[in-house]
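In: structure for this input, please:
(3 chains)
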Amino acid sequence: MEHSLGEDSIPGSGSFDKSRVLNVKPLRSLVPVFPSAPNGSSFSTPQGGAPFVCATPSGPFPNGACPFFPFFTSDSQRPPEQNTSAAANQGGPFGFSNPISNAVPINSFRTPTPTRAGRAQQHTGVANGDTGSGSSRRVTRSRAQTEDGYSENQNQVSEYYGTDGTEVEERGKVGRPKRKAQKRISGGGGKHANVPSDADIDMVVDKIQTSFNDKFGQTEGDRASVEYLTMMYDLFRRRVLQADDLKDAVPGLSRRPDLRAGTLFLNKGIRANSKKRIGTVPGVEVGDIFFFRMELCLVGLHAPSMAGIDYMGIKNTGEEEPLAVSIVSSGGYEDYAEDPDVLIYSGQGGVNRRDKELSDQKLERGNLALEKSTHRANDVRVIRGVKDLSTVSGKIYVYDGLYRINESWTEKAKNGCSVFKYKLVRMPGQPEAFRIWKSIEQWKGGATSRVGVILPDLTSGEEKLPVSLVNDVDDEKGPAHFTYTSILKYSNPINSTVPSSGCVCIGGCLSGNSNCPCLEKNKGSLPYTANGLIVSQKSLLHECGASCQCPPNCKNRVSQSGLKFHLEVFKTKDRGWGLRSWDPIRAGAFICEYAGEVISPSKIDKFGVDTDDDYTFDATRNSQPLGVLPGEPDEAPKIPFPLVISAKYAGNVARFMNHSCSPNVLWQPISRENKNESDIHIAFYAVRHIPPMTELTYDYGIISQDDADQRKKKCLCGSSRCRGFFYQ
DNA sequence: ACTGATCAGTTGTAT
DNA sequence: ACAACTGATCAGTGA
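Out: Residues are numbered from 1 along each chain as shown, chains lettered A, B, ... in the order given. The predicted model follows:
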């Protein structure tokens, strides 16, 4: 199926479909950039075609662009080591005799209009009118490269000069000013005491801006800043969503917290990599996942908020030409995207959004840039949309690394209009990304089986979903014996100080219901978004419980719904057994609770079982809150008694989560309404979006007692901010 | 529960 | 001003 689809799209390949061939017109043919597709691609590339014959169906290239490319060097001339991810990380294309300036501030491709861009100039001090065609004042400068290819621009001054010739600061930390005032119904939130007003929202952004600049004001883009940025974005988005949920929905007024949060961030300059560039984006890793187009924009991966092709003007010898820098393939057009290393991408246009008239695609904008990039063989970042039924949009964006355009052509679509097609081939040596998704799809469908599976379900049916036990690194057959339980067991009931009778929300607790005692305990608002994401970390989160009359699917029972992701317990290389997920996990999602037996801290002292018990959760330790917006009350976990859980003999998946000094999972104490008994649980939520097969880790916290040294272990988390040790 | 249609909304680029 | 592979919502269909 895949095969025939692929061949259908390739002129000159094996199968011969007359009706198709008649419709296929080669845009041009040239010596393939790659002698053969890497990694055994199922695609065959036409070999030995006429070199550099340019035959566009729509006539000569506009703008005097030359179809011949003197900078193009043949593949054999390229240094072999550049065919690696290290080369891919250099950030620039090879095959050019001259290094090209490949970082340009977004919003500065062309001469700005005096209206909007002029305003931006005024506010930001960025003179960005000179990077367009005919520019002669741009100063190119080779960037210092670190070992992993990230540019070291800690003290980077502007690469650009102002229109008057004076040098201007361009940190990219200040975005363009607000254009139009947002169309919002103001005052709509006044009904409830704790509804954040628009002014409150603005204040939060200001604090995020300050916090972001304090932490990363000197960096243009690195892993830590990108992680912080994406984490803050979704935290803020969830906060805006919560505020919207509390307001009465206004029919017709679309609720787009993703856009609102994104716009506010961009306007405040809360973004990474504001310079457009070819190749790798500092701080963004192959395999990173995103849930909104705005996120791609914020981290500097792909600037347009909707368009699938991002491009920039590159001047090499006199003529400036547009080159593609990144594309998003997410199902809007008929792309062929089954092969993990090859992507047949459709050009843009041909569809009128208003009247839905169809027409031939034109060789302009993104299509022209892709065409130029085909000749120039520059790296193009590829973001693939993958199907995901858990999201409302139905897809997740996966950054799949650098590709190069191998060839291009036009073909007639079913509707008779001509469409541009571009064949992109993945650069070898990059970490797996989309390929992992394809593998998991096959594991789940049973088409292929996961290598190294010891047990398909170590919970023996205790959980709703199976948890695989996998070892693909050595011979160990599994962790020491334990009993799987999904329950937290209180051996000695601890009397609660505050008895509660729960709520009577028969249809489930609704955000905005000021009569619900459970919501009141959470300062008046539902602590989760409507789709079950935690809004922010709290000292104690109050869920509905046994004494509540709301149904099990109540929005305030998120941590009681069991596993929602297919997890696997796997053998790590150097840290024993660990936990990871086959499914993507979005920021704020509930992962699991910590099951086991509640033990009293005094008990472990007396019996001395603490030091050899690797499977405890100790809520009395100190740790940094991770899911809190700057400026919000930053309270430590507040549990009415010193809670310690042992999962040595009985526990769930949580016992396998390792420590990290920069974790992707946070823990949160949950109180469930249960009359006179304390029903405190520990629940884990994703700090940020977690790609499939990424190890799940949380911060074990700091012990301040005297006996701390007994539990001190060398930390192997590998984070750049590693403390060097952790407490077992 | 899915699917398609509809529509407000955003960005960078082009005129 | 405009194009653009958004994303939320709502009506309709279906088990």
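
In: name the helix or strand for the residue nearest to A:F216 when sequence neighbours are not counted, please.
Out: Spatial nearest neighbour of A:F216, chain neighbours left out: A:S225 (3.9 Å); criterion: CB to CB, 6 or more residues apart in numbering. For glycine as for every other residue, the C-beta is placed from the backbone atoms N, C-alpha and C. In the assignment (DSSP states H and E), A:S225 maps to helix A:223-246.

In: tell me if that helix is near DNA strand B.
Out: No - counting by CB under 7 Å from any atom of the strand, DNA strand B has no neighbours in helix A:223-246; the shortest distance is 11.2 Å.

In: how about the CA coordinates for that helix, as CSV?
Out: C-alpha atoms of helix A:223-246 as CSV (Å, rounded to 0.1, in the frame of the first residue of the first chain):
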residue,chain,number,x,y,z
ARG,A,223,18.2,23.8,25.6
ALA,A,224,17.4,25.2,29.0
SER,A,225,15.8,28.3,27.6
VAL,A,226,13.8,26.4,25.1
GLU,A,227,12.6,24.0,27.8
TYR,A,228,11.7,26.8,30.1
LEU,A,229,10.0,28.7,27.4
THR,A,230,7.8,25.8,26.2
MET,A,231,7.0,24.9,29.8
MET,A,232,5.9,28.5,30.6
TYR,A,233,4.0,28.7,27.4
ASP,A,234,1.8,25.8,28.1
LEU,A,235,1.5,26.7,31.8
PHE,A,236,0.3,30.1,30.7
ARG,A,237,-2.0,28.7,28.0
ARG,A,238,-3.6,26.4,30.6
ARG,A,239,-4.1,29.4,32.9
VAL,A,240,-5.8,31.4,30.2
LEU,A,241,-7.9,28.4,29.3
GLN,A,242,-9.0,28.0,32.9
ALA,A,243,-9.9,31.7,33.0
ASP,A,244,-11.9,31.2,29.8
ASP,A,245,-13.7,28.2,31.2
LEU,A,246,-14.9,30.2,34.1
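
In: give me the below-cutoff pLDDT ranges for chain A.
Out: Applying pLDDT under 70 to chain A flags the ranges A:1-196, A:248-254, A:493, A:495-499, A:601-612, A:676, A:678, A:706-708.

In: contacting residues around A:I585?
Out: By CB atoms under 8 Å, 6 or more residues apart in numbering, A:I585 lies in contact with A:F565, A:I591, A:A686, A:H689, A:I690, A:L696.

In: and these, which of them are in strands?
Out: Judged by DSSP state E, the contacts of A:I585 include A:I591, A:A686 as members of strands.

In: redo the contacts of A:I585 as a markdown table? Include distance to A:L368 and neighbour count.
Out: Converted to a markdown table, the contacts of A:I585 look like this (distance: CB to CB, whole Å; neighbours: other CB atoms under 10 Å):
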| residue | distance to A:L368 | neighbour count |
| --- | --- | --- |
| A:F565 | 43 | 23 |
| A:I591 | 45 | 26 |
| A:A686 | 40 | 25 |
| A:H689 | 33 | 23 |
| A:I690 | 38 | 24 |
| A:L696 | 44 | 25 |
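
In: kindly indicate which of the contacts of A:I585 lies nearest DNA strand C.
Out: Nearest to DNA strand C among these, counting by CB to the nearest atom of the strand, is A:H689 at 12.8 Å.
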